[in-house]
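**Q** Need the 3D shape of this:
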Amino acid sequence: MDIIDILKTQLRQNLEIFQDLLTNINKEQLKTRRRPQKWSIHEHICHMAEVETATYDRFLTFKNVEYPVFQPFLQGTTRPEDHLINMKLKKAIRQYKDTRAKTLTLLNSFENQDWEKEATHPEYKICTPKILLRHLVMHDQFHLYRIEELWLTRDTYLTA
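**A** Predicted coordinates:
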């Protein structure tokens, strides 16, 4: 199994982890900000949904454009601070799951030459579909960890 297959498998597995994690969290905990200026569980979930959609669009661009050019996706610079907390959670969860399925289908259609493309991105020195795929896997895992931390950790042990 090559690294692309491993990463695609991890994307599928991250979705299963996401679904399992959500079954354990009480609704009362979802919008609680446990630390000042830090996101709630709700905000992490909604952010994951938005990033999944943006990343799908980038993969689609890699598939269809010979020399892609991307702009940074900088949360908090183009939307009000309360944007994520005001999103509908059920809609965001559905968006994340549906878009992840579309992402995986799209990635399975990539040919060798698609994986070789390099995009221009002002934030990154190198931007390829493989790097974007690895980035998405790690982005999932980062936010899944934060969600679990907010759900389980006692206040005295929660990092600032």
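**Q** drop to CA atoms for contacts and neighbour counts, all remaining ones
**A** Will do.
**Q** What distance do you get for the closest residue to Pro129 other than its chain neighbours to Leu60?
**A** Closest residue to Pro129 apart from its sequence neighbours, by CA to CA, 6 or more residues apart in numbering: Trp115 at 5.5 Å. Trp115 is 12 Å from Leu60, where distance means CA to CA, to the nearest Å.
**Q** same deal with Arg34?
**A** 37 Å.
**Q** Also Ile45?
**A** Per CA to CA, Ile45 is found 23 Å from Leu60.
**Q** Sketch out the low-pLDDT regions of this protein for me.
**A** 1, 75-78, 160 (pLDDT under 70).
**Q** rerun that using 90 as the cut-off
**A** Counting by pLDDT under 90, the chain has low-confidence residues at 1, 34-37, 71-82, 120, 122-124, 155-160.
**Q** got the contact list for the residue most central in space within it?
**A** Residue closest to the mean C-alpha point of the chain, counted by CA atoms, centre = their mean, is Met48 at 4.0 Å. Contacts here follow CA atoms under 8 Å, 6 or more residues apart in numbering; on that basis Met48 touches Tyr96, Asp140, His143.
**Q** Give me the residues contacting stretch 97-117.
**A** 8, 11-12, 15, 52-53, 56, 59-60, 62-63, 66-67, 128-130.
**Q** if we take those residues, which one ends up nearest to Leu152?
**A** Proximity of the contacts of stretch 97-117 to Leu152 (CA to CA) peaks at Leu15, which lies at 19.8 Å.
**Q** For that closest one, grab the count of nearby residues.
**A** 17 (other CA atoms under 10 Å).
**Q** Give me the distance between it and Lys38.
**A** Counting by CA to CA, the gap from Leu15 to Lys38 is 24 Å.
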